[in-house]
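Engineer: Structure, please.
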Amino acid sequence: MTAQTMESIPQAVDYIRILPEIVLSIFGMIIMLIDPVIDQKQSQKTLGTIALLGSLAALAATIYQAQYPGMAFWNMVQVDSFSIFFHFLVAAITLVVVLTSFEYMAVQEIRAGEYYALLLFGAVGMSLMSSAMELVLVFIALEISSIATYVLAGFRRRSAISSESSLKYFLLGSFATAFFLYGVALMFGATGSTSITEIGEFLRPGQPSVLAYVGVAFMFVGLGFKVAAAPFHIWTPDVYEGAPSPIVGFMSTGPKAAVFAVLLRIMFQANAPGRLWLIWVVAALSMTLGNVGALVQTNIKRLLAYSSIAHAGYLLVAFAALPNPGIPAAMFYTASYAAMNVGAFAVVSHFGGAGERYVTVEDYAGLGRRSPLLAAILTIFLLSLIGIPITGGFFAKFYVFSAALQANLVGLTIIGVMNSAVGAYYYLRIIVVMYMREAREDVPVAPVPFALGTALALSVAATIYLGVLPGRVLDYASRSVADLVH
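Structural biologist: Numbers count the residues shown, from 1 in each chain. Next up, the predicted model:
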């Protein structure tokens, strides 16, 4: 074997370690190239099919990538069981959102062109965030994801509220990004590096400087905005209300999964100082403000937006716990929340109709009689969001609160359990309206098309699977602890 051939082998392995990102980028560029040359009437189905194939190819690339763990590109990217978990999750979320979008784009009469390309490009940034080992690379990946979602949030161009949500998301998101970038600069000043591994080695032996504490706080502000954690949540209800429903399902799950992956690396792998008190306060605020805000909502998208804030708080409880129980609990919660929330917004997307006219809680009156299957599916997702047994939400909360108790965070656990009881009220209110109120004749219920039915079936299957057989996913997440903490 020649020296040139031997040098090419490590380079090839480097590209395998970013294979899902390459696949998603290629399919996104194919969509952009094909869109101008095909008939607009055919573009919906054609471009959606290409995006669907891209999501499936990304899932296959993630499975193949798992055979080549290790570092790539001068230790800027790491493939391990931790990053593989989030790569798979982001690709699966993208797949379900693409399936949901087939009907939505046709009903809303929106040109599909850049929509599907932006979905795939957003997934590229989210995937790269989960494997990035360099804070500057995290920032680049965060911007790739953010710019795509800024545009997607305003895709209902004929709706003023959609344009407003996009602009508000962009302005506040840019402000939060500045915080994160300034935190990276401060961390570089405190440690002399932007590598997460080197920062962890620097901070572990001795007492961190004040600059390191400030750097962590600034980065947490920037990332806290992306996961809609209080008090950085003010954009969430307005943006969720105005954005297209499938995109809300995407925004509420994919970016959160990626940012939580980054937070786990910063908090545990980089040995971030002062994380306990910071996360304790933000978790308690998010759970409380999210649930209290949801109690008074009549618009179901705003209600689920406040619910999203509360669930960010539940997830942050695991971050305050010890690494061994906390990291698997956080990973399991992220997967469970993604399954039930993207499914719930798929139902909202279908039921809203043209122009998303039917998005109040009262519009769902009598759905249990008019469309028993659709009502039953939404009920499963709502029960999982509450945390009822035989759903993924039950074990997600159980593992999070168990991890908190093992870390002696009794006060935070009590706050979490009390908030779960409050949250049960507004979720059950929707179920009561569906099954115990008279149907509104002026609200039509369209038949569920095949693509949307497939998306709902995948979401329901994942929610039930995680509630009945959680062991395999939790065992995989537990094995990731060694990779992350090491």
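Engineer: where exactly do the strands run in the stretch 51-200 of the chain?
Structural biologist: 70-72, 77-79 (DSSP state E, counting those that start in this stretch).
Engineer: Quickly compare these and say which is most buried.
Structural biologist: strand 77-79 (a mean of 22; mean count of other C-beta atoms under 10 Å). Yep, even glycine has a C-beta here, placed from its N, CA and C like the rest.
Engineer: Ser384 is in contact with Ala424, correct?
Structural biologist: No. Look at Ala424 against Ser384 with C-beta atoms under 8 Å: they stay out of range, at 12.0 Å.
Engineer: Who has more neighbours out of these two?
Structural biologist: When Ala424 and Ser384 are compared for neighbours, Ser384 comes out ahead with 31 against 17, by other C-beta atoms under 10 Å.
Engineer: quick one: contacts for the more buried one?
Structural biologist: Going by C-beta atoms under 8 Å, 6 or more residues apart in numbering, Ser384 touches Ser336, Ala339, Met340, Thr391, Gly392, Gly393, Phe394, Thr463, Gly467.
Engineer: Could you check how far it is from Tyr333?
Structural biologist: In this view, Ser384 and Tyr333 are 12 Å apart by C-beta to C-beta, to the nearest Å.
Engineer: Also Leu24?
Structural biologist: For Leu24, the distance to Tyr333 - C-beta to C-beta - is 25 Å.
Engineer: Thr253 too?
Structural biologist: 12 Å.
Engineer: cool, Phe232 as well?
Structural biologist: Phe232 is 19 Å from Tyr333, by C-beta to C-beta.
Engineer: between the two, which one's more packed in?
Structural biologist: Tyr333 (28 against 25).
Engineer: can you pull the pLDDT of that one?
Structural biologist: Note for Tyr333: predicted pLDDT of 96.
Engineer: Quick check: closest non-adjacent residue to it.
Structural biologist: Computed as C-beta to C-beta, 6 or more residues apart in numbering, the closest residue to Tyr333 that is not its neighbour in sequence is Ala396, at 4.2 Å.
Engineer: Report how many residues lie close to the one you found.
Structural biologist: 30.
Engineer: wait, doesn't it sit right on Leu466?
Structural biologist: Yes. The pair Ala396 / Leu466 is scored as a contact, 7.5 Å apart, by C-beta under 8 Å.
Engineer: which residues are common contacts for these two?
Structural biologist: Common contact partners of Ala396 and Leu466 (C-beta under 8 Å, 6+ apart): Phe332, Ser336.
Engineer: Which single helix of the protein contains the most residues?
Structural biologist: Longest among the helix segments of the chain by residue count, using DSSP state H, is helix 160-191.
Engineer: in that helix, what's buried?
Structural biologist: 162-166, 168-170, 172-173, 176-177, 179-184, 186-188, 190-191 (16 or more other C-beta atoms under 10 Å).
Engineer: ok, Ser165 - contacts?
Structural biologist: Shown in contact with Ser165 (C-beta under 8 Å, 6+ apart): Ala153, Gly154, Asp238, Val239, Tyr240, Glu241, Gly242, Ala243.
Engineer: Dump those residues into CSV; add neighbour count and secondary structure as well.
Structural biologist: Converted to CSV, the contacts of Ser165 look like this (neighbours: other C-beta atoms under 10 Å; DSSP: H, G, I helix; E, B strand; the rest coil):
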residue, neighbour count, secondary structure
Ala153, 28, helix
Gly154, 23, coil
Asp238, 17, helix
Val239, 29, helix
Tyr240, 28, helix
Glu241, 22, helix
Gly242, 24, helix
Ala243, 29, coil
